[in-house]
Structure formats: structure tokens, C-alpha cells
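[1] Give me coordinates for this.
(one chain, ligands or ions: 1)
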Amino acid sequence: MSATKNLTTIAIVGGGPAALFMYKRLVESAIQNVEVHIFEKKDRLGAGMPYSVEGACDEHITNVSANEIPLIHTPMTDWIAEAPKSLQEHYGINPGNFNDYKVFPRLFFGAYLTQQFEALIKFGKHVGLKTTVHLNTPVQDISDDEISGKVKLHLPDAKQLIADRLIICTGHQWPKKFEEKVPGWFDSPYPPQKLAKSVNFPVAIKGSALTAIDAVRTLARSNGHFEKTADHRLNYVLNKESEGFKMVLHSLDGLMPAVRFHLEDTHLSQGEMIGEEEGWKIKEANNGFIPLDLIYQRNFLQPLRAQNPVFYETVKDMTIEEFVEEMMRRREKLDGFTLFEAEYKEAEKSIKRQESVAWKEMLATLSYAVNYPAKHLSAEDMLRLKKVLMPLISIVIAFVPQTSCREMLALHKAGVLDLVPVDKESRVDPGEKGATYYHTDENGTAIQTAYNMYVDATGQPVFTLEDFPFKSLVEGGTVSAAYINFKDDAAGALEMELGNKLVKKNAAGHFILKVPGIQINDQFQVLNAAGAYNERIYIMAVPHIGGLNPDYSGLDFCETASARIIKSIKPGVDALALAAADDIEPKVA
Ligand SMILES: Cc1cc2nc3c(=O)[nH]c(=O)nc-3n(C[C@H](O)[C@H](O)[C@H](O)COP(=O)(O)OP(=O)(O)OC[C@H]3O[C@@H](n4cnc5c(N)ncnc54)[C@H](O)[C@@H]3O)c2cc1C
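    Numbering: from 1, shown residues only. As a prediction, the model looks like this:
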């Protein structure tokens, strides 16, 4: 496979949402003398994992509504009016009364994304961007040649492509540890079709957030059905042959995720993030680090002050630790499902009145804003972020859609869905069939429960360097394991003494904290072990950069990361402004 002479060749590996947004940036940037090759191992572009049968059945829904989706080509609402009738009917979507604020089926969204990719490619051709799509083509390996300044993609049938730039968009991966070896053990709920089983016993689910809800929705439909009562309530009725069926969620301290509410800013203030220049200034003034407390002030407390001054007054003098403790205490006071129901009612009001729940929205903004400076945190602050702030953030930003809440509450009322609080030391061991769950309850009693079926629903695992799929990049030293420095060596020494195995000493004798995934810079370029960035290779595959990009993987991440990358590929492009400008909005004539 040969690249065209005199053209810069850009290869995109993976053809899911990240690739779609990256390609959109290339089209919008009006980049010249470039040819793009897109490699996708499946037979279609756009849908990726969550929005195709790999990640969804008919019952699975997005956690974003149409008004929260960054513009791709055609706004979702316009596309719905033009979507094939069969698709509209299958998903019960009526363009006449489609509500911009509602979430929708993931497979339906996948059809939209696929169509958007096709439309963009058409538009790309229109503006002279030569594009070749390689479907059913898994990229098997990638190697980098510093001398020629080229990257080599190794393809099936010993084919190769030489590229000048490469963007790795390989997305989600769900490794199997015991699945297919131990009957009844599932390392993830994906593809969810595998859980569509009629069972007559309790099923253990690890986790209680969106991934767990995906498992619940499929299992519930395979063992009973939902009925709407005359007064619009939802009931769940078990099938006769599934009388012994129930689902037992296991979550840390019995916490349930927070419910979707009305967002004041549907795109979470992307303009408010610390920019590159500001970041460097902050680092200069803070011994080379961006302090977590500064981000907390800037992206949580200050916007909160503007949105809800009364609430701000109650928390403004708290440290991050005190604030999180207070919010967790409020959650832990109530039993998981009681709080879930109360939050559902609060969220319903928020949606009806179109009024945000300010502190939760600001926390979501903070989680977004902390993502990019995260690689500039000190190890001390990274530990605080992970141990203190993230547990609260991950509960709040789950944004469980209303329809999922109603189903969860109906299942709980029918006695088919329970929640077991587990401790940090809890563990699950495979049995001959299914698994045994070990935990200690609130009274300190050790509990051990055997289940015939077990689903790990804790979400996308983050990977280490050893898991990186393109081995030549690892062996050639092009990519390296991610770490961050301690601000104070004494703090590193203490953390090591306390038994944190991720704390190491570097060659210069300073303490570092190993974090998952590979090293990247602000432009999502990979770094070698010496810390030098590779000007050819970019990565947007979240599971492999989770250490330095700790919290975000959604569509807004695809939008923002691709903006950073295009600015690096084509300096001078203001990609965020580009996306907003009407005159260059890509529309095929
Ligand atoms: C179950 C689930 C539901 C989600 N729901 C939402 C939501 O509602 N809203 C939201 O904002 N975010 C959601 N997310 C977050 C999600 O990460 C993003 O929306 C999005 O899917 C990320 O896109 P991606 O392209 O990085 O990854 P993926 O969707 O995984 O796409 C990667 C693509 O690369 C291909 N590929 C992989 N390896 C190779 C290779 N070697 N060669 C060629 N092709 C390859 C794959 O086949 C796939 O098509 C969800 C995530 C999950 C797991």
C-alpha cells in the first residue's frame, strides 16, 4: 500500500468517535497537500464500541442528550428528521416530538455517527482532502523511524503503509481474565448480548454506575418485563421461570451514582480550561507544577460563586478534603436506593424548571478541567486527586439518565435489585462456576457469598505500558510508562514507606509516582523514556493514557483532544474557534 508522492500522509488508526472528531478537525482546518488513511478493524466507521453491537443492545441509551453533542456535521435533531423510517420506527423516535434534552438509544446514535462520518468524507473530497478508508483492516503493529521521520503501519497480509503523522484512536478494550474459562464469569458486560440469559438465581454485579446499569438493563429484560401503570408508574414483572432471579450490585460504601439533571452549560465550559500559556505561567510560579488547589479554586469554587452564591458561602472555606468528606457524609447518611430516589426527584425538578444543580454541574466542569493539567500536577496532588476528589467526581458525573433511574427503582421495588455496600479490601474469586464475593459489612463481620453468575461492571480498565497493543513502539522505546514527580522528595519517601508500590526512585535519586498508561504531552503526542515528544505520533485512545488524562473519555473529550491535535499538526489553526464559526461549518452543498 503506497502513499501518494508529495502529499503528507496522515493515518488514523481506529474508526470510532475519536477518529470521527479527528477527521472533522482535518476537514475543517482546510489543510492542504494531505492524504488521510483511516483504518478500522470492523466493517463500519463512526459507531466505535459503545454505539455498536459490541457495546449495546436496543435497550442501552446514551448519557448525553442531543443538545450536549458537539456539532459534527448535521445537528442530531436535523438528522433525525431525515433518518430512515425503519430506524425511527424501530427505536420509537418520532421526529415531530423529538426532544433535544432527551437521551436516546446508543445503537440509534451509532447509525447517526456512521452517517456523519460518511457525510464528512464526502465533504472532505469536496474540499480536496484525499481520503482512503480501509474497513475490516486491523492495524497489527506500528513502528517509528526517527531517521526517515516516518511511521510504518503493519497491516494484514504483510501489507504496510508509510505515514508522516499517525493518530491512534483505538478506543475501548475489555480484556478477559476468567471469562470463557469459568462458566458464569463475565469480565465486562460487553458485548451485552452475552448477558441476555434467562436465569433462576441471584447474579452478582460489581459496580453500581453506568456500566452496571448496562448489565442490569439487559438481564432485567431477559428475565421479566416492565409495565406502565395507569398512573404512569413503572412496574417490573418477573418471568415464571426466573423466580429465583435477582441482581445484587456491589459498590464501595453502598453508593449509587448521581442522576442526570439540567445542565446550564451543556458543553461544560470548554473555554474555561487552563490554556497552554496560562499553564506555563502557573508552573513557573509553582516550582514546575500546577497545584490542584488552584484548579479547584478556578474551575469549581469561582464558577460556583457565580451560579449559587448561597451554597458557595457554605463551602468556600473548606479544603478539598473537607468538601469531599462533607458531600460523601451527606450521601452515606441515606441508604443507596433512598438517596437514588431522592436525587431522581431533585433531577426531575431541575429538568422541568431548567435549573441546574450548581455544585454538581461545577464538579463536572472541574472533572473536565482537571484532565489536561493533570500531567502537570505534583505526585502529592495526583494522589489527592485519585484518593479524595475522584471518588466523589465519578459518582456525580455518571449522569444516570431518567429512564434508567425509573427502571432501577422499579426493579428495586420488585425485590429484584439489591445493593450491597462493600469495603476497599473486598475481593471476588472465580469458582468452578461463577464467583465468590468476599467483603466485610458495616459491623465488621466478614461475609462470603457464592454466585452462579458474576459480572464485573466497574468500567473501562486502564492499562499499563505492557498492555500497549503496538509492540514495536514499546520495544523501540517510542512510548514509555507514565509517571509524575513528587514536589517534595520527603513526601515521596514517606509514601514509599507507607507501602505504595507505585512510588519509585528515578536515576537522579528523586521520587516519582508511576501512573497507568503511557506518557503524553499537552498535544497528545507520545513521549519516550527521556521525556522527548514524538512529533509524528498522537494518541486519543483513553485506556492507554488514563494516568495522565485521568477522568474523561466521552464525546466532549473527542472534541477537545482533536482540537489540540489539529493545532499541533497545523499550527495557527484555532480549532475551537473553527468549530464554532458558521462560515466554515462543513456542509456539503
Ligand atoms: C458502554 C459505553 C457507553 C458510553 N456512552 C457514552 C455516552 O453516552 N456519551 C459519551 O459522551 N460518552 C460515552 N462513552 C464514552 C466513550 O468512550 C466515547 O463516547 C467514545 O466511544 C470513544 O470513542 P473512541 O473512538 O475513542 O473509542 P471506540 O468507540 O472504542 O472506537 C475505537 C474504534 O477503533 C477500532 N480499532 C481498535 N483497534 C484497532 C486496530 N488495531 N486497527 C483498526 N481499528 C481498530 C475499533 O474497532 C473501534 O471502532 C461510553 C463508553 C462506553 C464504554
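
[2] Relative to the whole chain's centre, how far out is the helix or strand hosting Leu294?
    Assigned by DSSP states H and E, Leu294 belongs to helix 292-296. Taking the mean of its C-alpha atoms, helix 292-296 sits 22 Å from the chain's own mean (Cα atoms, centre = their mean, to the nearest Å).

[3] Report the buried residues of that helix.
    Within helix 292-296, the residues scored as buried using 16 or more other Cβ atoms under 10 Å are Leu292, Leu294, Ile295, Tyr296. From N, CA and C alone the C-beta is placed, and that goes for glycine too.

[4] neighbours around Ala481, how many?
    By other Cβ atoms under 10 Å, 17 other residues sit near Ala481.

[5] What's the per-residue pLDDT of it here?
    In this model, Ala481 is scored at 97, pLDDT.

[6] Return the set of residues that bridge with it.
    With DSSP bridges as the criterion, Ala481 is bridged to Ile518.

[7] For this structure, which residues are neighbours of the ligand?
    13-19, 39-42, 48-50, 55, 62-64, 138-139, 169-172, 214, 460, 540, 542, 553-555, 558 (Cβ under 6 Å from any ligand atom).

[8] returning to what we had before: then the helix holding Leu294 to PDB, C-alphas only?
    Extracted in PDB, the C-alpha atoms of helix 292-296 (Å, rounded to 0.1, in the frame of the first residue of the first chain):
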ATOM      1  CA  LEU A 292      -4.700  21.000  42.400                       C
ATOM      2  CA  ASP A 293      -6.000  23.600  44.900                       C
ATOM      3  CA  LEU A 294      -5.600  26.300  42.200                       C
ATOM      4  CA  ILE A 295      -7.600  24.300  39.700                       C
ATOM      5  CA  TYR A 296     -10.200  23.700  42.400                       C
END
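
[9] what's it in contact with?
    Contact with helix 292-296 is made by 274, 282, 286, 319-320, 366, 369-370, 373, 377, 381, 384-385, 389, as judged by Cβ atoms under 8 Å, 6 or more residues apart in numbering.

[10] now swap in stretch 72-85 and tell me
    In contact with stretch 72-85 (Cβ under 8 Å, 6+ apart) are residues 20-21, 24, 66, 69, 88, 93, 95, 98, 100, 111-113, 115-116, 119-120, 123, 586-587.

[11] Could you list the buried residues of that stretch?
    In stretch 72-85, counting by 16+ other Cβ under 10 Å, buried: Ile72, His73, Thr74, Met76, Trp79, Ile80, Ala83.

[12] same check, this time on stretch 465-477
    Leu465, Asp467, Phe468, Pro469, Phe470, Leu473, Val474.

[13] contacting residues for the fifth one?
    Contact criterion Cβ under 8 Å, 6+ apart gives Val139, Asp141, Ile142, Ile168 as the residues in contact with Phe470.

[14] ok so, going back, could you pull up the mean pLDDT of the helix holding Leu294?
    pLDDT averaged over helix 292-296 gives 96.

[15] Look up phi and psi at Asn97.
    Per-residue torsions, Asn97: phi -120, psi 30 (degrees, to the nearest 10).

[16] Just the buried residues from the residues of the chain next to the ligand, in PyMOL please.
    In PyMOL, this line selects whichever of the residues of the chain next to the ligand come out buried by 16+ other Cβ under 10 Å:
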select buried, resi 13+14+15+16+17+18+19+39+40+41+42+48+49+50+55+62+63+64+139+169+170+171+172+214+460+540+542+553+554+555+558
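
[17] do you know how far the single nearest residue of the stretch 351-500 of the chain relative to the ligand is from Ile545?
    Scanning the stretch 351-500 of the chain for the residue nearest the ligand gives Gln460, at 5.6 Å (criterion: Cβ to the nearest ligand atom). Distance of Gln460 to Ile545, computed by Cβ to Cβ, to the nearest Å: 12 Å.

[18] How about Arg330?
    Taken as Cβ to Cβ, the span from Arg330 to Ile545 is 33 Å.

[19] neighbour count winner among these two?
    Ile545 (26 against 10).

[20] Restricted to helices, list the residues of the chain next to the ligand.
    Of the residues of the chain next to the ligand, the ones assigned to helices by DSSP state H are Pro17, Ala18, Ala19, Asp214, Leu555, Cys558.

[21] wait, which of the buried residues of stretch 72-85 is closest to Gln354?
    Met76 (19.2 Å; Cβ to Cβ).
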